[in-house]
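Q: I'll drop the sequence and a predicted model, then ask my questions.
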Amino acid sequence: MCGIVAYLGKKNALEFLIEGLKILEYRGYDSAGIAVLNENSSNYNLEKSAGKLVNLINLVENKDIKGHLGIGHTRWATHGVANNANAHPHISNDNKIILVHNGIINNYLELKRKLKEEHNINFYSDTDSEVIANLISVYFKECASIKTAVIRAKEEIKGSYALCVISPEDPDKIILTSKEAPLIIGLGEDDELYCASDSSALLKYCKQMIRLKDYEVAELKKGGKFEILDANNNLVKQPNIQILDHDPLHLDKQGYKHYLLKEIYEQAAILRKLFETHFNKDLNITFPNLNTKIFEGINKILIIACGSAYYAGLAGKTFIESLANIQVDIEFASEFITKKNLLVDDKTLLIAVSQSGETADTLSAIKLALKKNVRLIAINNRPESTLASLSKDSCIFTQAGVEVSVAATKSFLAQMFCFFCLALYLAEIKSPEKKEALKKIKLQLHLQPQIIEQILARAEVYKQKILPFAEKKAFIFLGRGINYITALEGALKLKEITYIQATAYPAGEMKHGPIATLDHDVPVISILTNGDVYDKTVHNVMEAKTRGAPNIAILNDGNDELDKEIDVILRVPVNYEEESEFYDLLSPFVGVVPFQLIAYYLAEYMGKDIDQPRNLAKSVTVE
Ligand code: M6R
């Protein structure tokens, strides 16, 4: 979604603004812009362009844009279509306030009317952001301080915002404020100050950062000076300086054609790292950032998340229920917040799952639940995120590194892995006598990275088998039990990056309705890995075959009994020892990888924008 960058230092601001916006491209956007204040004059350059960043780069390339202070933005359209007028930065009627804004202002129509009626202000865009620029300019006229004008405006605006405000009248300052939208100050070398809505834009430039808290206002000044005022406008004497320690290699394709492919290939290493983090040499489970007292006396577990993180949560529910014998509820975050009666209290363990830690629906759901005193655990990939700050002593970090491609891959597997550890831990607390049996499962969990590597070595085979289906308009994914979750994630990946309609059903449900849609043009992809649900799923696959649907299936090596029945077989190694009671719980760890690969190869063949699919944003910061 929208991205903000800003710079105040000794270099030419434009350089970082463009580099920073390039890094933020992964978040998804549909227009971009910059504003740079010229030195020693009240002149400025404001350039914006609909479409991809390259349009803006072409625009600024031949212009002489020089200045040490600037702001930049990538916009993901909410209020108003993606055109030049709606692109940021926005400027007030009197040309004195220029700003970029992430978030949504709920009372912008009321403010717009007031500004029109009382101050004769005209509007040239459909955005809520232009309203804020003019509101600040009205106060700026009265008090001649941008900081005070921003403070007065923030008292009036309702909604969520990360604002970066500059003025040609006061060309040495950037004013920031935020509420329910991330905004980070980066401390660079040589008295340079940076700002971004996503820390990944700062990685190359800063080692330290400060995250603005809700309602805080920061004033960045020349010479690396800054001050932060808290929600009550008192000076923050010791701002919380955090270390920025992501590996910049995550922002490099490292020879892969797309980030998505690179991230698929990183999965085995991530699971190895997670295993090392959570298991000691005796295979006892530890959680370095979690106070395990949180589990004492809980009587309910509720998982909330969105998208792929929700599917990882579904896997988590199955792991905890199967291994620890504890019932788990799960809700889409966006649905949880609509509930009239939240059935949670201080004995509820809320597990929030999010790669970005910035998803608005998830954060809103958490805030509502926290009002009911729930105990919160976060399964989160970004230690500097809002979610991490909400769940200080109780984070399980997925350690997947920055995930650049919009479609989740490595974060999904890492989330499932963390849930598996949690399920094993809860199982051991509840039934210590099962410790030896659980040890067997831990050993099998340890094997997953090498099996994933064996699957990745077959990527070319999967590609050749799936390309003949590139012209199909719709796919159905089938799986039972834990494999239904693999089907859901497989269908989501295909939809997101190829734009082909793909729907997942629990295999047994197909005959209750969806079977009507089958014909020779709707391939059915099923997961037929060994396990308790294998036989019944085979029956459902045969029901589809009889209706003329082409069938594709994931089968384990060594199972050749369906060779004549299945049109296209995608083979995966057996990833568990069958004598263990819960052996097939591990199957999504390998089942999902061929699905990621086939979605990738179909999208690549179809020439789609794989890392930044249309209409999608990496972290969805609006509800
Ligand atoms: O950052 P989050 O994990 O909270 O994001 C949740 C979803 O928006 C995300 O998983 C989305 O569904 C992805 N595009 C899936 O590939």
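A: Structure's in. What do you need?

Q: what's the separation between the nearest residue to Leu492 once chain neighbours are set aside and Lys204?
A: Counting by Cβ to Cβ, 6 or more residues apart in numbering, Leu492 lies nearest to Ser308, which is 6.3 Å off, once chain neighbours are set aside. Heads up, the C-betas are built off the backbone N, CA and C, glycines and all. Distance of Ser308 to Lys204, computed by Cβ to Cβ, to the nearest Å: 28 Å.

Q: picking up where we left off before, local confidence estimate at the residue nearest to Leu492?
A: The model reports Ser308 with a pLDDT of 98.

Q: let's see whichever strand or helix holds it as PDB, backbone CA atoms only.
A: Under the criterion of DSSP states H and E, Ser308 resides in helix 307-319. The C-alpha atoms that make up helix 307-319 are tabulated as PDB, following Å, rounded to 0.1, in the frame of the first residue of the first chain:
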ATOM      1  CA  GLY A 307      -5.000 -13.900   3.900                       C
ATOM      2  CA  SER A 308      -2.200 -16.400   3.900                       C
ATOM      3  CA  ALA A 309      -1.500 -15.700   7.500                       C
ATOM      4  CA  TYR A 310      -5.100 -16.800   8.200                       C
ATOM      5  CA  TYR A 311      -4.400 -20.000   6.400                       C
ATOM      6  CA  ALA A 312      -1.200 -20.500   8.400                       C
ATOM      7  CA  GLY A 313      -3.500 -19.900  11.400                       C
ATOM      8  CA  LEU A 314      -5.800 -22.700  10.200                       C
ATOM      9  CA  ALA A 315      -2.800 -25.000  10.100                       C
ATOM     10  CA  GLY A 316      -1.900 -23.800  13.600                       C
ATOM     11  CA  LYS A 317      -5.400 -24.700  14.800                       C
ATOM     12  CA  THR A 318      -5.100 -28.200  13.400                       C
ATOM     13  CA  PHE A 319      -1.600 -28.600  14.900                       C
END
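
Q: so what does it touch, helix or strand wise?
A: Here helix 307-319 touches strand 300-305, strand 328-332, strand 348-354, strand 375-380, helix 410-430, helix 482-498, going by 3 or more Cβ pairs under 8 Å, 6 or more residues apart in numbering; DSSP states H and E.

Q: if we can go back for a sec, what is the neighbour count of the residue nearest to Leu492?
A: Here the number of neighbours of Ser308 (other Cβ atoms under 10 Å) works out to 23.

Q: same check on Tyr215?
A: Here the number of neighbours of Tyr215 (other Cβ under 10 Å) works out to 17.

Q: any idea how far the ligand is from it?
A: Using Cβ to the nearest ligand atom, to the nearest Å, we find Tyr215 at a distance of 23 Å from the ligand.

Q: doesn't Ala181 make contact with that residue?
A: No. Tyr215 lies out of contact with Ala181 (Cβ atoms under 8 Å); the separation is 11.7 Å.

Q: list the buried residues in stretch 205-220.
A: 205-206, 209-213, 215-220 (16 or more other Cβ atoms under 10 Å).

Q: nearest to the ligand: which residue in the protein?
A: Here the chain gets closest to the ligand at one residue, Gly307, 1.9 Å apart by Cβ to the nearest ligand atom.

Q: ok, now which ones touch that residue?
A: Gly307 sits next to Ala408, Leu492 when contact means Cβ atoms under 8 Å, 6 or more residues apart in numbering.

Q: can you rerun that using 10 Å?
A: Gly307 makes contact with 332-333, 353-355, 359, 361-362, 407-408, 412, 489, 492, 496, 616, 620, according to Cβ atoms under 10 Å, 6 or more residues apart in numbering.

Q: show me which residues of this structure sit near the ligand.
A: 306-309, 354-356, 359, 362, 406-408, 492, 496, 616, 619-620 (Cβ under 6 Å from any ligand atom).

Q: if any of those are buried, put those into a PyMOL selection.
A: Buried subset of these, written as a PyMOL selection, criterion 16+ other Cβ under 10 Å:
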select buried, resi 306+307+308+309+354+355+356+359+362+406+407+408+492+496+616+619+620
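
Q: tell me the SS of the closest residue to Asp30 other than its chain neighbours?
A: Once flanking residues are discounted, Asp30 sits nearest to Ala82: 3.6 Å by Cβ to Cβ, 6+ apart. Following DSSP: H, G, I helix; E, B strand; the rest coil, the label given to Ala82 is coil.

Q: how many neighbouring residues does Ala82 have?
A: Using other Cβ under 10 Å, Ala82 has 14 neighbouring residues.

Q: and if you look at Lys367?
A: Lys367 has 12 neighbours, counted by other Cβ under 10 Å.

Q: helix, strand, or coil at it?
A: Secondary structure for Lys367, judged by three-state DSSP, is helix.

Q: domain ranges for the chain, per the record?
A: The chain resolves into domains spanning 3-253, 282-430, 455-623 when parsed by automatic domain parsing.

Q: pLDDT of the longest one, averaged?
A: Same thing as domain 3-253. Averaged over domain 3-253, pLDDT sits at 93.

Q: that one: how far from the chain's middle?
A: The chain centre lies 22 Å from the centre of domain 3-253; the measure is Cα atoms, centre = their mean, to the nearest Å.

Q: what is the end-to-end distance of that domain?
A: Domain 3-253 has an end-to-end distance of 21 Å (Cα to Cα, to the nearest Å).

Q: against Glu266, how distant is the closest residue to Lys207 other than its chain neighbours?
A: Spatial nearest neighbour of Lys207, chain neighbours left out: Leu244 (5.9 Å); criterion: Cβ to Cβ, 6+ apart. Distance, Leu244 to Glu266, by Cβ to Cβ: 20 Å.

Q: thanks a lot, see you next time.
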